[in-house]
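Chemist: Predicted model follows, preceded by the sequence.
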There are 2 protein chains.
Amino acid sequence: MRKKSEKSKVSLRDVATRAGVSTATVSRVLNKQNYISHSVKTRVEKAIKELDYSPNRVARRLRVRDGERRLLGLLVPDIQNPFYVDVIRGVEDMVFARDYAVYICNFAQNYEKEKTYLNKLQSESIDGLIVAPYHEEDKMVISLVREKFPIVCVDRGLKGVDVDLVVVDNDKGAYNAVNHLIDVGHRRIGYVGGLYSIPTSRKRRDGYVKALVDNGLDVEEDLIKFGDSKHESGMRLTAEFLDMPRPPTALFTGNNVITLGALETIHSRGLAIPTDIAIVGFDDMFWANSLNPPLTAVLQPGYEIGRQAADMLFERLEEPGREPRKIVLNTRLMVRQSCGAGMLKEAEE
Amino acid sequence: MRKKSEKSKVSLRDVATRAGVSTATVSRVLNKQNYISHSVKTRVEKAIKELDYSPNRVARRLRVRDGERRLLGLLVPDIQNPFYVDVIRGVEDMVFARDYAVYICNFAQNYEKEKTYLNKLQSESIDGLIVAPYHEEDKMVISLVREKFPIVCVDRGLKGVDVDLVVVDNDKGAYNAVNHLIDVGHRRIGYVGGLYSIPTSRKRRDGYVKALVDNGLDVEEDLIKFGDSKHESGMRLTAEFLDMPRPPTALFTGNNVITLGALETIHSRGLAIPTDIAIVGFDDMFWANSLNPPLTAVLQPGYEIGRQAADMLFERLEEPGREPRKIVLNTRLMVRQSCGAGMLKEAEE
DNA sequence: GCATTATATGAAATCGATTTTAGAGTTTTA
DNA sequence: TAAAACTCTAAAATCGATTTCATATAATGC
């Protein structure tokens, strides 16, 4: 009847008493260890069921050795960015399946906050960490890697250390996007990038440049701009492009936040996509199809990144000594209607 | 030099030894308790600094009494929904400021998963929980509330129990939105709601109905549809509306996910907003301004909901006996361009 | 059939903190 | 000036699990 209302939590000791065995034995049953007689095992399991016992993970975590605490940390730069939410979901699903827990921290592009969280995570005795570092020279993360703390980086790497890494082929993704723009006829294409200090921003620029070069187009420095990965900078840089004496006919925006800013500026000026200005964005988001017109975008498999990163971290926990690995996932260009084949004719004349 | 590289974590015992005092004394210094002589205090603090000691939160959590473990749980139905991300951020900021930790769990609209997380959270010895329950008859959450476990509900309440609650005035928000639609000339307005079993879906319907009634308009049952809070159902229900012999001239969509679905359907049919069909959405999202045209929407203060919920939970931890409270926050109608004053004329003829 | 090994269990130590208990030295109070 | 009340600190107990160590019995080898 009122099983749950006996307030004080039942402990392993209670189970042991009930089953008439020692706590050590109960622990062995719990952890499926060898050398347990069938009769004792069923007796203990019965007691566990009767008492509705479930182990205290905190106590366990305190006792077990490194790497067996069943707690991971996940540190992301911006939880408002749906890309990282996908990563979170990927990690979460893997962790859930293994009965681990994951302590999700959002440092909101704030280096101080990242440091604080890093310390807190350690105080919580995490087994390992998945992180998209503030930037590639992130001192604290680098020093953790040097100390051999189990870390997997996602989205961005680290300078000067070898670390497990799951990224996307940013060059190729950008290349394909810009190539598509060129295919449909564009010759003047602007790149609106995120924060210069973040590797992905530069990689995507590289892909942009390569696509131009491979197609025999000139690379003009004033068609390349970097911002600060905030919505506002997407607006501002786009405005700068549109204000040029001879503005580009297409824009390649470096991440979803920037894309949103660009769209806002474009719409506010009453320009039509793709006829007045075409656009391809890095990051395919769940609202891309709801835009008017639907946005052509580079899909990053965020969920998969999260899954693979978690997997990689589990591997490292099992084999701390192994060499760091790097996984590069492919992007996919989701062609919708913001580039416009109609451009072709116009450009040909 | 190589302070950090001495792998084994320094413990309170090490500090005690170094300072030449007992562990109890170090603990007292750490917790700013009375009866510590100045000299001992500074000695201990010096040792802490020299050893770069930081306390193990897991060990602490095991020992301290209920409500002092510095760990909260936060359980949301869908982390991909930016509204909940705002709530998360609000909670996170409060928790961060108090040196608590928060275990964020996403049950992804899955009742089984919610149950699993609820158990896990208890195993992790959380002090209290902030949750947007699966629905208002969520048995597990209700039984926790009955057991007097510290819980604050957000977004949705619970049936049959009195619980701390932070919600938004859904009726009024919906009322204002629909009223606006009527103001600009619409007479046939469809409501595309989320899951019927979620209180907010019905509250928003109520506001919709009241606005019609207050304006002397008929409430037609076939202009009210409920879906399942998934993108796809927003698409489908909107299609149903548009396929009616005499379709509505405006749609009021019940949440951001539904809104996105509705927009997708509208655009795919080549209809123009607001001239062919107008739309107001519940939930103002950061991309609303980037839509074409910018979306008129009901802003829910998600961040503030999170803050207040965390605050309320802290209060409850301090005073477990107090009566449950309910906070109702206001929404704000963000008028942009998806309703169109232009409608007025057409409707008048 | 006896030494060895495998199986099965319990007692006690342990993880790293907080808290209780106890007691020594000081100050205040009556 | 003796009792009471503070002030300060240490030793030991504690939180709830896992792990080590010890030991008893059963199975196996030769």
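Modeler: Great, that's in hand. Numbering: from 1, shown residues only, chains lettered A, B, ... in the order given.
Chemist: Check what pLDDT the residue in the stretch 151-300 of chain A positioned nearest to DNA strand D gets.
Modeler: Going by CB to the nearest atom of the strand, DNA strand D is nearest to A:Ile151 of the stretch 151-300 of chain A, at 22.8 Å. No exception for glycine: its C-beta is placed from N, CA and C like everyone else's. As predicted, A:Ile151 sits at a pLDDT of 98.
Chemist: Next, find the distance separating it from A:Asn106.
Modeler: 18 Å (CB to CB, to the nearest Å).
Chemist: cool, A:Asp155 as well?
Modeler: In terms of CB to CB, A:Asp155 sits 14 Å off from A:Asn106.
Chemist: ok, now A:Asn256?
Modeler: 16 Å.
Chemist: and if you look at A:Lys32?
Modeler: Taking CB to CB, one finds A:Lys32 at 36 Å from A:Asn106.
Chemist: okay, these two: which has more neighbours?
Modeler: A:Asn106 (26 against 8; other CB atoms under 10 Å in any protein chain shown).
Chemist: what residues are up against that one?
Modeler: A:Val76, A:Pro77, A:Asp78, A:Ile79, B:Ile88, B:Arg89, B:Glu92 (CB atoms under 8 Å, 6 or more residues apart in numbering or on different chains).
Chemist: ok, now with 7 Å
Modeler: A:Val76, A:Asp78, A:Ile79, B:Glu92 (CB atoms under 7 Å, 6 or more residues apart in numbering or on different chains).
Chemist: that older thread, what number of residues lie near the residue of the stretch 151-300 of chain A closest to DNA strand D?
Modeler: That count, for A:Ile151 with other CB under 10 Å as the rule, works out to 25.
Chemist: now the one 4 residues further on
Modeler: Residue crowding around A:Asp155 was assessed by other CB under 10 Å; the count is 24.
Chemist: And A:Gly193, its phi and psi?
Modeler: phi -100, psi 170 (degrees, to the nearest 10).
Chemist: Go ahead and confirm it touches A:Thr200.
Modeler: No - assessed by CB atoms under 7 Å, A:Gly193 is found out of contact with A:Thr200, at 9.1 Å.
Chemist: the more surrounded of these two?
Modeler: Shown here are A:Gly193 and A:Thr200; by other CB under 10 Å, A:Gly193 has more neighbours (27 against 24).
Chemist: so A:Arg187 is in which element?
Modeler: Per DSSP states H and E: A:Arg187 is located in neither a helix nor a strand.
Chemist: Could you give the bridge partners of the residue nearest to A:Gly254 when sequence neighbours are not counted?
Modeler: Among residues not flanking A:Gly254 along the chain, A:Gly193 sits closest, at 4.1 Å (CB to CB, 6 or more residues apart in numbering or on different chains). A:Gly193 forms beta bridges with A:Phe226, as assigned by DSSP bridges.
Chemist: what does the model give A:Arg2 for pLDDT?
Modeler: Value for A:Arg2, per-residue pLDDT: 28.
Chemist: swap that for A:Glu346, please
Modeler: 40.
Chemist: How about A:Asn34?
Modeler: 83.
Chemist: thinking A:Ile277 is in contact with A:Ile266, fair?
Modeler: Yes - counting by CB under 7 Å, A:Ile277 does reach A:Ile266; the two are 5.9 Å apart.
Chemist: Show me which residues of the stretch 1-150 of chain A sit near DNA strand C.
Modeler: Within reach of DNA strand C by CB under 7 Å from any atom of the strand, the stretch 1-150 of chain A has these residues: A:20-25, A:28, A:34-37, A:39-41, A:59, A:62-63.
Chemist: residues in contact with the residue nearest to A:Arg43 when sequence neighbours are not counted?
Modeler: Leaving aside its sequence neighbours, A:Arg43 sits nearest to A:Ala19 (CB to CB, 6+ apart; 4.8 Å). A:Ala19 is in contact with A:Val26, A:Arg43, A:Val44, A:Ala47, counting by CB under 7 Å, 6+ apart.
Chemist: Just flag the most distant two among the residues you listed.
Modeler: A:Val26 and A:Arg43 (10.0 Å; CB to CB).
Chemist: what are the ranges of the helices in chain A?
Modeler: Per DSSP state H, chain A has helices spanning A:12-19, A:23-30, A:38-51, A:57-63, A:82-97, A:111-123, A:139-146, A:170-183, A:199-214, A:231-242, A:256-268, A:302-318, A:343-348. These are given in chain order.
Chemist: CA atoms only: put the fifth one into PDB for me.
Modeler: Presented in PDB, the C-alpha positions along helix A:82-97 are these (Å, rounded to 0.1, in the frame of the first residue of the first chain):
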ATOM      1  CA  PRO A  82      19.800  24.500 -32.700                       C
ATOM      2  CA  PHE A  83      22.900  22.900 -34.100                       C
ATOM      3  CA  TYR A  84      24.200  22.300 -30.600                       C
ATOM      4  CA  VAL A  85      20.800  21.100 -29.500                       C
ATOM      5  CA  ASP A  86      21.200  18.400 -32.100                       C
ATOM      6  CA  VAL A  87      24.600  17.500 -30.800                       C
ATOM      7  CA  ILE A  88      23.100  17.400 -27.300                       C
ATOM      8  CA  ARG A  89      20.400  15.100 -28.400                       C
ATOM      9  CA  GLY A  90      22.900  12.700 -30.000                       C
ATOM     10  CA  VAL A  91      25.000  12.600 -26.900                       C
ATOM     11  CA  GLU A  92      22.000  12.300 -24.700                       C
ATOM     12  CA  ASP A  93      20.600   9.300 -26.500                       C
ATOM     13  CA  MET A  94      23.900   7.400 -26.300                       C
ATOM     14  CA  VAL A  95      24.300   8.200 -22.700                       C
ATOM     15  CA  PHE A  96      20.800   7.300 -21.900                       C
ATOM     16  CA  ALA A  97      21.200   3.900 -23.500                       C
END
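Chemist: picking that back up, out of the contacts of A:Asn106, which one sits closest to A:Glu147?
Modeler: A:Val76 (21.9 Å).
Chemist: That closest one is in contact with A:Tyr84, isn't it?
Modeler: Yes - using CB under 7 Å, A:Val76 makes contact with A:Tyr84 at a distance of 4.3 Å.
Chemist: any residues in contact with both of those two?
Modeler: By CB under 7 Å, 6+ apart, the residues touching both A:Val76 and A:Tyr84 are A:Ala132.
Chemist: about what we covered before: filter the residues of the stretch 1-150 of chain A next to DNA strand C by proximity to chain B?
Modeler: Among those, the residues that sit close to chain B (CB under 7 Å from any CB of the partner chain) are A:Ala59, A:Leu62.
Chemist: Could you identify the buried members of the residues of the stretch 1-150 of chain A next to DNA strand C?
Modeler: A:Val21, A:Thr25, A:Arg28, A:Val40, A:Ala59, A:Leu62 (16 or more other CB atoms under 10 Å in any protein chain shown).
Chemist: would CSV of those residues with pLDDT be doable?
Modeler: Listed next are these as CSV, based on pLDDT from 0 to 100:
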residue, pLDDT
A:Val21, 96
A:Thr25, 97
A:Arg28, 96
A:Val40, 95
A:Ala59, 98
A:Leu62, 98
